[in-house]
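[1] model this:
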Amino acid sequence: MLHNYILTLYSLTNVMGAKYILESKWLQEISILIFSFLLFTVNDWIFITGWRSFFTGTVYFFILYSHAQFNRFFILPILLKEHKPYLYFLLTTTFLFVFSILLFEVSTELLYKNCFLYKSSYQKTYHFQLGTLAGTLICILGSIQILEHYREQKMKTSKELLHNQAQLNVLRAQLNPHFLFNTFNTLYGVSLQYPERSSELIMQVSKLMRYQVENSTKEFISVEDEIDFISSYVELEKERVGYRSEINYTHHTDNGNYRIAPMLLITFIENAFKHGACSIEKCFVDIDINVVQGTLHMHIRNSIPTKKKKVISTKIGLKNTIESLKIIYPHKHQLESFANGEEYVVNLKIELSS
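    The predicted structure follows:
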């Protein structure tokens, strides 16, 4: 009977539209009421020949339905809210026996007395009424709890998404000015050394800024576009510190059409140049980005100069990027950073979307 009930309820969702039923509490209640009524009276429909027999069948069902709703509103909270399973089991069992006695007396003495709807002798027993009540309770209560759990989980997920999006907007609002600040610092440093190239470098910086303005508010962009952006930034840094730093930059992507959240990788590369190329002594920055089978691997190494200039850093960009990774790629990224002797290493792995 339970299997048939589930199939019937599933058919209802297909006919009326699963989306509306799953999201509307009242539609769920009405659907469960109608189809549980059809299911638990289906065996008697062929014997119903008039309004009197229809009325007695309806009254019988509503006793079953009332028992299930009584358990739902008065006994079930003891289990779900007070977390007392033994008391819930005791009360459920007690009221099953009480309602089975009530149902037996009402059925025998009032509803089905001298009525052909009482087809066999086993229907005239207490344990038959007890089994019918238990079956109705499991079917109705189980269906209601499953649907309520679905609604609660959907609401919880929606709240988490809204909260994460709000957090992400705040982080991006802080990160964008941070990138502009670092870029203008780079432009200033290059213009002091090569003033004749200022106009060319300004055009290069304008391309970086245009990319940032056009893509920073997007949820995802193509990996190729992000790597092109990083390549342009590395070229700008080579103009600034390439004469006194060894800069190695390599990248490779396979043929997949992968997408990534914008402006996530640039912060680690900025930090590598800021801290790894801040000295007049020989220093280096190595950057390697590979995308293979939907996973991005970024490996960054930069020197730690023994005599370095004081670098002013609020670390806002790095903190915000790490928080953004947690929000956008929960359980889909791995980040490790550590000092290894005279160099600093960053390893980042991200499972990309396509």
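[2] any idea how many residues pack against Leu265?
    As a burial measure, the neighbour count of Leu265 was computed by other C-beta atoms under 10 Å and equals 24. In this view, the C-beta of every residue, glycine as well, is placed from N, C-alpha and C.
[3] contacts only, for it.
    With C-beta atoms under 8 Å, 6 or more residues apart in numbering as the criterion, the residues that contact Leu265 are 226, 230, 289, 298, 348.
[4] ok, the first one touching Ile260?
    What it means is Glu226. Yes. The pair formed by Glu226 and Ile260 meets the contact definition of C-beta atoms under 8 Å, at 5.6 Å.
[5] take the contacts of Leu265 and write them to CSV, including secondary structure, pLDDT and neighbour count.
    Putting the contacts of Leu265 into CSV (DSSP: H, G, I helix; E, B strand; the rest coil; pLDDT from 0 to 100; neighbours: other C-beta atoms under 10 Å) gives the following:
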residue, secondary structure, pLDDT, neighbour count
Glu226, helix, 91, 24
Ile230, helix, 92, 19
Ile289, strand, 96, 22
Met298, strand, 96, 21
Leu348, strand, 96, 20
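[6] tell me the one among these nearest to Thr94.
    Proximity of these to Thr94, judged by C-beta to C-beta, is greatest for Leu348, which lies at 60.3 Å.
[7] got a list of what the closest one touches?
    Counting by C-beta under 8 Å, 6+ apart, Leu348 makes contact with 265, 268, 296-298, 333-335.
[8] closest to Leu201 among the contacts of Leu265?
    Ile230 (17.3 Å).
[9] for Leu103, state which of the contacts of Leu265 is nearest.
    Set against Leu103, the nearest of the contacts of Leu265 by C-beta to C-beta is Leu348 (65.8 Å).
[10] so what's that closest one bridging to?
    Listed by DSSP bridges, the beta-bridge partners for Leu348 are Met298, Leu335.
[11] any regions of the stretch 151-300 of the chain where pLDDT drops low?
    Judged against pLDDT under 70, the low-scoring parts of the stretch 151-300 of the chain cover residues 158-186, 189-190, 194, 197, 278-281.
[12] what about the helices in it?
    Assigned by DSSP state H, counting those that start in this stretch, the helices in the stretch 151-300 of the chain fall at 198-215, 223-241, 266-276.
[13] any chance of those helices in CSV, plus distance to Gly131?
    Formatted as CSV, the helices of the stretch 151-300 of the chain follow (distance: least, C-beta to C-beta, whole Å):
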stretch, distance to Gly131
helix 198-215, 64
helix 223-241, 61
helix 266-276, 66
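[14] need the winner for burial among these.
    Counting by mean count of other C-beta atoms under 10 Å, helix 266-276 has the highest mean neighbour count of these, with a mean of 22.
[15] pull that helix out as CSV, backbone CA atoms only.
    What follows is the C-alpha trace of helix 266-276 in CSV, where atoms were taken according to Å, rounded to 0.1, in the frame of the first residue of the first chain:
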residue,chain,number,x,y,z
ILE,A,266,46.0,38.2,-10.0
THR,A,267,46.4,38.9,-6.2
PHE,A,268,48.9,36.1,-5.7
ILE,A,269,50.9,37.3,-8.7
GLU,A,270,50.8,40.9,-7.5
ASN,A,271,52.2,39.8,-4.1
ALA,A,272,54.9,37.8,-5.8
PHE,A,273,56.2,40.9,-7.6
LYS,A,274,55.6,43.2,-4.6
HIS,A,275,57.6,41.1,-2.1
GLY,A,276,59.9,39.1,-4.5
